[in-house]
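A.B. asks: Compute the structure for the input listed below.
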Amino acid sequence: MHQFHDLTITAIQQEPNAVVWTLEIPEKLFDQFEYLPGQHLTFKYMHEGEELRRSYSICSSSLNPAEMKVLIKGVDGGRFSQAAQSVFNVGDTVSVMPPSGHFAISPEEEKTYVAFAAGSGITPVMGMVHAVLEQTESSQFVLFYGNSTSGDILLQQEISHLKDHYQERFSVHYFLSRQKVDVPFNHGRLDQGKVAYIKDHFLNQLTVDGYYVCGPGEMIDSVCRSLELLGVPQEQIHNERFLSDGQEISASEKIIKEDAGITVTVDGANHQFDIKAGESATLLESAEQAGVDLPYSCKAGVCATCRCKLIEGEVEMINNYSLEEWETKDGYILSCQSVARSSKIHISFDE
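C.D. replies: The predicted model follows:
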């Protein structure tokens, strides 16, 4: 389940400061690479002797299990993203973990779904748009999409194609923050004022079944807070960040206060190791030091690739940018952000 597989890049599509990779999924891996719209893939790449792991959301239709698309936006100083732009070519293979993540949707008939996206936050949302339009006959999707300029809009041609094909069930509203537009409402960022206006003028006649928000942390906080203030139930609001502030954990926050015996269940097998008081490590780092290979990607509490369930013991989760309230109440934690706080810890990646 958490193993990496070598997949072939069969096509590379250029987008503004980004590329879209089409990956070939062999028939023998169809079951392992089955996914929910909105989930992501984790890539492994050796760069100058260092192993890098990065997660990118699936943005393609799920109707064809033989291929999968991800969008990789270039980031200044980003070692993987820059390699994706200039090093990889059609025909190359990449090491990929099967889909994971819980910012996802299971489309149902006669539902209305609304998404707020900014920049590359459109990527997981596009997977959701495809699913709602292609897997149902009566549900609709409303998208509010913000960018700096019209030249920054990602996947615009694909969005237009879907809009033309599903005119009655898919509507799109663009917002530009650094370019003049004809309609004042469409100028600026997706902030509290915009969300209030949208809720009152665009969504007032709709019964919305789920709101999905993806973009920079500040945008997510603003949109989600606005929706809550407007009376939207918290369980209807879902979000995923692609960038957060304060992601680094200081060494002092990771100090183990007492000796602990750790049990990790992954892919049906139990692994046991000990950590000593005074050491400075998260559960993920402790497992790595003990030679136990666990799933992870960002190590920043954002992607939820390292999500697991706390079966026994106590931990302190320093940051959490991805788990929802119901998950933490049910005992789920992020191993990359969790520090042992009891003498016995048992976590499972199989729950």
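
A.B. asks: Using PDB, write down the CA coordinates of stretch 63-81.
C.D. replies: Written as PDB, here are the backbone C-alpha positions of stretch 63-81 (Å, rounded to 0.1, in the frame of the first residue of the first chain):
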ATOM      1  CA  LEU A  63     -12.700   7.500 -16.100                       C
ATOM      2  CA  ASN A  64      -9.500   6.100 -17.600                       C
ATOM      3  CA  PRO A  65      -7.600   4.000 -15.000                       C
ATOM      4  CA  ALA A  66      -4.700   3.600 -17.400                       C
ATOM      5  CA  GLU A  67      -3.500   7.200 -17.000                       C
ATOM      6  CA  MET A  68      -3.300   9.900 -14.300                       C
ATOM      7  CA  LYS A  69      -2.300  13.600 -14.500                       C
ATOM      8  CA  VAL A  70      -0.600  15.800 -12.000                       C
ATOM      9  CA  LEU A  71       0.200  19.500 -12.200                       C
ATOM     10  CA  ILE A  72       3.600  20.600 -10.900                       C
ATOM     11  CA  LYS A  73       4.100  24.300 -10.500                       C
ATOM     12  CA  GLY A  74       7.600  25.700 -10.500                       C
ATOM     13  CA  VAL A  75       8.800  27.100  -7.200                       C
ATOM     14  CA  ASP A  76      11.800  29.300  -6.800                       C
ATOM     15  CA  GLY A  77      14.500  27.100  -5.300                       C
ATOM     16  CA  GLY A  78      12.300  24.100  -5.500                       C
ATOM     17  CA  ARG A  79      14.600  21.200  -6.300                       C
ATOM     18  CA  PHE A  80      11.900  18.800  -7.400                       C
ATOM     19  CA  SER A  81       9.600  21.300  -9.100                       C
END
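
A.B. asks: element containing A196, please.
C.D. replies: Take DSSP states H and E as the rule and A196 turns out to sit in helix 192-201.

A.B. asks: ok and whatever helix or strand comes next after that helix relative to helix 192-201, angle-wise?
C.D. replies: With elements assigned by DSSP H and E, the helix or strand that comes after helix 192-201 is strand 210-216. The directions of strand 210-216 and helix 192-201 differ by 160 degrees, with axes from the mean of the first three to the mean of the last three Cα atoms, to 10 degrees as the criterion.

A.B. asks: for strand 210-216, packing partners?
C.D. replies: Contact partners of strand 210-216 among helices and strands, from 3 or more Cβ pairs under 8 Å, 6 or more residues apart in numbering; DSSP states H and E: strand 112-118, helix 122-135, helix 217-229, strand 237-243. (Each C-beta comes from the backbone N, C-alpha and C, glycine too.)

A.B. asks: and of those, who's closest to Y56?
C.D. replies: Closest to Y56 of the helices and strands packed on strand 210-216, according to Cβ to Cβ: helix 122-135, at 7.1 Å.

A.B. asks: okay, the closest one in CSV with CA atoms only?
C.D. replies: Extracted in CSV, the C-alpha atoms of helix 122-135 (Å, rounded to 0.1, in the frame of the first residue of the first chain):
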residue,chain,number,x,y,z
ILE,A,122,-7.0,24.5,-8.6
THR,A,123,-5.2,21.1,-9.0
PRO,A,124,-7.1,18.9,-6.6
VAL,A,125,-10.3,20.8,-7.3
MET,A,126,-10.1,19.9,-11.0
GLY,A,127,-10.1,16.2,-10.1
MET,A,128,-13.3,17.0,-8.1
VAL,A,129,-14.9,18.9,-11.0
HIS,A,130,-14.2,16.0,-13.4
ALA,A,131,-15.7,13.5,-11.0
VAL,A,132,-18.9,15.5,-10.3
LEU,A,133,-19.6,16.2,-13.9
GLU,A,134,-18.6,12.8,-15.3
GLN,A,135,-19.8,10.5,-12.6
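
A.B. asks: what residues does it touch?
C.D. replies: 37-40, 56-63, 70-71, 101, 103-105, 107, 111, 113, 115, 117, 139-141, 143, 145, 154-155, 158-159, 162, 165-166, 169-170, 212, 214, 240 (Cβ atoms under 8 Å, 6 or more residues apart in numbering).

A.B. asks: Show me how far it is from its chain's centre.
C.D. replies: Chain-centre distance of helix 122-135: 14 Å, with Cα atoms, centre = their mean, to the nearest Å.

A.B. asks: what inclination does that helix have with respect to strand 112-118?
C.D. replies: Interaxial angle of helix 122-135 relative to strand 112-118 (the same axes, to 10 degrees): 160 degrees.

A.B. asks: now helix 122-135 against strand 237-243, angle please.
C.D. replies: 140 degrees.

A.B. asks: quick check: mean pLDDT across helix 122-135?
C.D. replies: Averaged over helix 122-135, pLDDT sits at 97.

A.B. asks: what comes up buried for stretch 166-174?
C.D. replies: Along stretch 166-174, these residues count as buried under the neighbour rule (16 or more other Cβ atoms under 10 Å): 166, 169-170, 172-174.

A.B. asks: Which strand residues bridge the closest residue to V181 other than its chain neighbours?
C.D. replies: Computed as Cβ to Cβ, 6 or more residues apart in numbering, the closest residue to V181 that is not its neighbour in sequence is H187, at 5.0 Å. Counting by DSSP bridges, H187 forms beta bridges with L176.

A.B. asks: quick one, what contacts H187?
C.D. replies: Contact analysis of H187 by Cβ under 8 Å, 6+ apart lists 175-177, 179-181.
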